[in-house]
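Undergrad: I would like the atomic coordinates for the input below:
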Amino acid sequence: MSLNPKLTGSFVALITPMLNNGEVDFDSLTSLIEWHILAGTDGLVILGTTAESATLSESEKMQVLTHSIDVNNQRLPIVVGNGTNCTASTIEVTQKYDHLAIDGFLTVTPYYNKPSQRGMIHHFKAVAAAATKPIILYNVPGRTNVDLSNDSVKELMAVSNIVGIKDATGDLTRVRQLKEANPDFILLSGDDASSKDFLHLGGDGVISVTANIRPKEIAQMVSLSRSGKAQQAHEIDSKLSALHHDLFIEPNPVPVKWALLQEDKISSDFVRLPLVTMEPKHHSVIKQALEQSK
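TA: Reported below is the predicted structural model:
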């Protein structure tokens, strides 16, 4: 296996814009995709956590995905979230999307069930067997309450179409261990605050929430980091540091949607219950982070 360059670089964990009545805002979705292409984003992650996939119906998910594929028109790689906490359901979703013009799947560790390491290994092997497209593992213990260990990741490296991992742990000690185990296994940061350091340690890219707001800057930071230009990357990242942290002042994607509305990139900051729009007391915090990032 050789490292797939299509699945490296700056990927945005794209929001799903919605109208004030709660329906998907397909016009804004079109505009966002076009903006990301112009801004230098390397790839799109559709139907991830930031996309509120947990509260989209199955028909809405298909509509969002097919609309994104049509608008993108193969200009950027598309990775689609397919994970659930049920292996059979994840396989069903995977088989439904596998024939579409996508470039890979982002498969989260099963949440709520709290499976063992062995259970997660069997889960990912079963999902991989149902897919013809590459699979990127997604480890985000803060949301799932399970942590896929490096030893488990190393075992899963042997599966031909499991090609990488999005690591949102913020634990930078893992990067070098996995890179040494297999230099061709794609390592993507899922933690914006530590992504610059992740890249300096050998990471291959990011799947970023901050990129929703500052796509050009994240793409530049990633490119500079991967080119060994640490000081230039640091200068860009330092301006983004407040956004990296403050976009999580409330549950994602509540703050990032409010920020996008302030910058006239979407028509509404509507989020679906059980999420609610951002508390007014946090508005000034995000405004200050936006100013700092310019």
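Undergrad: residue contacts, I136?
TA: L7, V79, G104, F105, L106, T107, V163, G164, I165, K166, I186, L188 (CB atoms under 8 Å, 6 or more residues apart in numbering). Where you see a C-beta, it was placed from the backbone N, CA and C, and this is true even at glycine.
Undergrad: surely it forms part of a strand?
TA: Yes - checked against DSSP: H, G, I helix; E, B strand; the rest coil, I136 lies within a strand.
Undergrad: from the chain's centre, how far out does whichever strand or helix holds F124 sit?
TA: Under the criterion of DSSP states H and E, F124 resides in helix 117-129. Centroid separation between helix 117-129 and its chain, computed with CA atoms, centre = their mean, to the nearest Å, is 21 Å.
Undergrad: may I have it as PDB, with CA atoms only?
TA: Output of helix 117-129 as PDB, limited to C-alpha atoms (Å, rounded to 0.1, in the frame of the first residue of the first chain):
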ATOM      1  CA  GLN A 117     -10.600  -3.200  21.400                       C
ATOM      2  CA  ARG A 118     -11.400  -6.700  20.000                       C
ATOM      3  CA  GLY A 119     -15.000  -5.700  19.300                       C
ATOM      4  CA  MET A 120     -13.800  -2.500  17.500                       C
ATOM      5  CA  ILE A 121     -11.300  -4.400  15.400                       C
ATOM      6  CA  HIS A 122     -14.000  -6.900  14.300                       C
ATOM      7  CA  HIS A 123     -16.400  -4.000  13.600                       C
ATOM      8  CA  PHE A 124     -13.900  -2.200  11.300                       C
ATOM      9  CA  LYS A 125     -12.900  -5.400   9.500                       C
ATOM     10  CA  ALA A 126     -16.600  -6.200   8.800                       C
ATOM     11  CA  VAL A 127     -17.300  -2.700   7.500                       C
ATOM     12  CA  ALA A 128     -14.100  -2.700   5.300                       C
ATOM     13  CA  ALA A 129     -15.200  -6.000   3.800                       C
END
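Undergrad: contacts for it, please.
TA: For helix 117-129, contacts defined as CB under 8 Å, 6+ apart pick out 82, 87, 90-91, 94, 105, 107, 109-110, 115, 135, 137, 146, 148-149, 151-152, 155-156, 159, 161-162.
Undergrad: apart from its chain neighbours, what residue comes closest to S149?
TA: Leaving aside its sequence neighbours, S149 sits nearest to Q117 (CB to CB, 6 or more residues apart in numbering; 5.7 Å).
Undergrad: again with K265
TA: Using CB to CB, 6+ apart and skipping residues adjacent in sequence, the residue nearest K265 is L32, 6.5 Å away.
Undergrad: could you report the neighbour count for that neighbour?
TA: If you count neighbours by other CB atoms under 10 Å, L32 ends up with 24.
Undergrad: try P274
TA: 8.
Undergrad: for my notes, confirm it occurs in a strand.
TA: No - under three-state DSSP, P274 falls outside any strand and is assigned coil.
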